[in-house]
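Novice: Build me a model from this:
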Amino acid sequence: MNPVSLLERLGRAVLTLLALVGRISIFAARAFSHIFRPPYYPRELFNALLTIGWLSLPVVGLTAIFTGGALALQIYSGGARFNAEAVVPQIVAIGMVRELGPVLVGLMIAARVTSSIAAEIATMKVTEQIDALVTLSTNPMKYLVAPRVLAALITVPLLVAVGDIIGIGGGYVVAVKNLGFNSAAYLQNTVDFLEARDVISSLVKGAAFGVIAALMGCYYGMQSGRGAQGVGSATKDSVEAAAILILAANFVLTGVFFSI
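Specialist: I've put the predicted structure just below:
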């Protein structure tokens, strides 16, 4: 391949990526500006809180409990090679609270909520319901985007906290029932090992991941093409973008909280 042609393709790809980042940044700024300005739509906010928060509890709980149990088994098995089986409660606690809890909840929200938001808004665009909102002097950013972003900002940290607790509980059940750990000692080691910084970082990550998930669903839904293919493409692109940005944000936030 001609080196000049290769550079041209690379340059176009970089410019396309930068343009996408710019559009998403402007969209996010507009969304946050509408959160704090009237009019407000409490019914839309309540529905978003219910959909994003309450209805996500089952998948978050199941994901967390199986992850915590598997983590306890893996740590015990690996620690047995170095006679370090006693560290199971400490590593399960720090692993769930610092990393696995927020990331897995974020990815579950991306899979469940981001796709749902993108499909819903894209369908509204295809069926011209968004045009109808504009005709009725209702700002789509205010009515559709702001309540969902605010709901995600509120509920996902709570889901992360619940996921952390359930994940630690899953590790506790496996350790006590299957691995022979003392119940009181396990709980005491868990409480003694965790620090306030661990919990704060987990909740901050949850808030960031929730905002990312909601923003990606809203952005790609609003940018959807016409027809069923446009809806499907918007849904797929939104989940991909949300998952990648959540993992990237996790790396950045981990560096901010725990860099030495």
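Novice: pLDDT weak spots in the stretch 1-150 of the chain?
Specialist: Counting by pLDDT under 70, the stretch 1-150 of the chain contains low-confidence ranges at 1, 4.
Novice: And the helices in it?
Specialist: 3-35, 42-52, 57-80, 88-95, 101-109, 115-126, 129-135, 140, 146-177 (DSSP state H, counting those that start in this stretch).
Novice: buried stuff in the first one?
Specialist: So the one you mean is helix 3-35. In terms of neighbour count (16 or more other C-beta atoms under 10 Å), helix 3-35 has its buried residues at 24, 27-28, 31-32, 34-35. Just so you know, the C-beta spots here come from the backbone N, C-alpha and C atoms, and that holds for glycine as well.
Novice: quick one: it to helix 42-52, angle?
Specialist: 120 degrees (axes from the mean of the first three to the mean of the last three C-alpha atoms, to 10 degrees).
Novice: With the third one instead?
Specialist: Orientation of helix 57-80 against helix 42-52 (the same axes, to 10 degrees) gives an angle of 40 degrees.
Novice: residues making contact with helix 57-80?
Specialist: The contact list for helix 57-80 (C-beta atoms under 8 Å, 6 or more residues apart in numbering) reads 85-88, 91-92, 95-96, 100-101, 104-105, 108, 112, 159, 162-164, 166-175, 178-179.
Novice: among these, which ones are buried?
Specialist: Buried members of those, scored by 16+ other C-beta under 10 Å, are 85, 87-88, 91-92, 95-96, 100-101, 104-105, 108, 112, 159, 162-164, 166-172, 174-175, 179.
Novice: still on that earlier bit, can you put the helices of the stretch 1-150 of the chain in TSV and add distance to residue 223?
Specialist: TSV is the format used below for these (distance: least, C-beta to C-beta, whole Å):
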stretch	distance to residue 223
helix 3-35	8
helix 42-52	20
helix 57-80	27
helix 88-95	37
helix 101-109	20
helix 115-126	9
helix 129-135	11
helix 140	12
helix 146-177	15
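Novice: out of those, nearest to residue 231?
Specialist: Closest to residue 231 of these is helix 115-126 (C-beta to C-beta; 4.3 Å).
Novice: how close does residue 102 get to residue 175?
Specialist: As for residue 102, its distance to residue 175 is 22 Å (criterion: C-beta to C-beta, to the nearest Å).
Novice: what does residue 242 give?
Specialist: Taken as C-beta to C-beta, the span from residue 242 to residue 175 is 33 Å.
Novice: returning to what we had before: out of the helices of the stretch 1-150 of the chain, nearest to residue 236?
Specialist: Here helix 115-126 is closest among the helices of the stretch 1-150 of the chain (C-beta to C-beta), at 8.3 Å.
Novice: Please verify my assumption that residue 190 contacts residue 90.
Specialist: Yes: under the criterion of C-beta atoms under 8 Å, residue 190 makes contact with residue 90 at 7.3 Å.
Novice: These two: which is more packed in?
Specialist: The neighbour count for residue 190 versus residue 90, taken as other C-beta atoms under 10 Å, is higher for residue 190 (21 against 16).
Novice: Could you list every helix and strand in contact with the helix or strand that one falls within?
Specialist: According to DSSP states H and E, residue 190 maps onto helix 183-193. For helix 183-193, the packing partners by 3 or more C-beta pairs under 8 Å, 6 or more residues apart in numbering; DSSP states H and E come out as helix 88-95, helix 146-177.
Novice: Can you report how many residues lie near residue 37?
Specialist: Around residue 37 sit 10 other residues, with neighbours defined as other C-beta under 10 Å.
Novice: Ignoring the adjacent residues along the chain, who's closest to it?
Specialist: Spatial nearest neighbour of residue 37, chain neighbours left out: residue 142 (7.8 Å); criterion: C-beta to C-beta, 6 or more residues apart in numbering.
Novice: The one you found: what's it in contact with?
Specialist: Taking C-beta under 8 Å, 6+ apart, we find residue 142 in contact with 34, 37, 39, 41.
Novice: tell me the pLDDT at residue 162?
Specialist: Per-residue pLDDT puts residue 162 at 96.
Novice: Check the gap between it and residue 212 for me.
Specialist: According to C-beta to C-beta, residue 162 stands 19 Å off from residue 212.
Novice: That concludes my questions; thank you for your assistance.
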